[in-house]
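Trainee: Structure of the sequence below:
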Amino acid sequence: MDVFYSIVGFFSSGGLFMYPILLVFAVGTAIAVERFITLSAITQKNDAAWTTLQPLLNQGDFDKAREMASKEDSIMSRILNLGLALQGAVRRREDVEIAMEEGMTEVIPQLEKRTPYVALASNIATLLGLLGTIMGLIQAFTAVANANPAEKADLLSASISVAMNTTAFGLMVGIPLLIIHAILTTKTNEIVDGLEMASVKALSVITSRARRQVDMAA
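Mentor: Model prediction:
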């Protein structure tokens, strides 16, 4: 209970700027949780899709791979299906590569969606903390100017300690949100790297099989 009362006392003594910082924290946390859950689900689906499709690609069973990719509900399947759709229809590697690259350009903004807002919330919380401290210091010096000279030192030190609470709270909110943003960005980059790796491997298999068929026909 002592910890709870200490937290309540710390929050209430910080002034009005504590409430917008708390609101920013709530919004940033909500976005971070949604993004983390979404990216984790995408990663799991992509891993499952690649585990299913990779053996079929290595075996050269493109019809089965195309059928499986069209049924899967993962980003990995969608990207690979764009390349598999052109398998057998075209001979140029560039055509298959461009098709999958176009799919990547559509997918990446979806993966990065709302993640920058977490970093924005971190910056806003820190700046609100600083603004609250500055406003508190202005009020403190204004109050001290009209106070008894014997009480000025004690009153000023107490007012400054209260004003600094908003900066402390802003940093307490901003630092974790900044770390979470870095985690989400890393998770997004890992998904993109996995998609690029799968695209390159699928492209290599498709073009090598097409080249082999051309050589056999010749």
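Trainee: now this structure, which segments are flagged as low pLDDT?
Mentor: 1-7, 9, 88-91, 143, 145-159, 209-218 (pLDDT under 70).
Trainee: Please enumerate the helices of this structure.
Mentor: All helices of the chain, identified by DSSP state H, fall at 2-12, 18-59, 62-71, 75-84, 93-112, 115-145, 152-217.
Trainee: The second one to helix 62-71, inter-axis angle?
Mentor: Here helix 18-59 points in a direction 160 degrees away from that of helix 62-71 (axes from the mean of the first three to the mean of the last three CA atoms, to 10 degrees).
Trainee: elements contacting helix 18-59?
Mentor: Packing partners of helix 18-59 (3 or more CB pairs under 8 Å, 6 or more residues apart in numbering; DSSP states H and E): helix 2-12, helix 62-71, helix 75-84, helix 115-145, helix 152-217. Quick note: C-beta positions are derived from backbone N, CA and C, even for glycine.
Trainee: got the angle between the fourth one and helix 18-59?
Mentor: For helix 115-145 against helix 18-59, the angle between stretch directions is 160 degrees (the same axes, to 10 degrees).
Trainee: just the helices of the chain: most buried one?
Mentor: Across the helices of the chain, averaging neighbours per residue (mean count of other CB atoms under 10 Å) puts helix 75-84 on top, at a mean of 25.
Trainee: Distance from that one to the middle of the chain?
Mentor: 23 Å (CA atoms, centre = their mean, to the nearest Å).
Trainee: Which elements pack onto that helix?
Mentor: helix 18-59, helix 62-71, helix 93-112, helix 152-217.
Trainee: could those helices be laid out in CSV, adding distance to S77?
Mentor: As requested, the helices and strands packed on helix 75-84 are arranged in CSV below (distance: least, CB to CB, whole Å):
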stretch, distance to S77
helix 18-59, 5
helix 62-71, 4
helix 93-112, 11
helix 152-217, 10
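Trainee: on that earlier part again, possible to save the helices and strands packed on helix 18-59 as TSV with distance to E94?
Mentor: TSV is the format used below for the helices and strands packed on helix 18-59 (distance: least, CB to CB, whole Å):
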stretch	distance to E94
helix 2-12	60
helix 62-71	19
helix 75-84	12
helix 115-145	32
helix 152-217	10
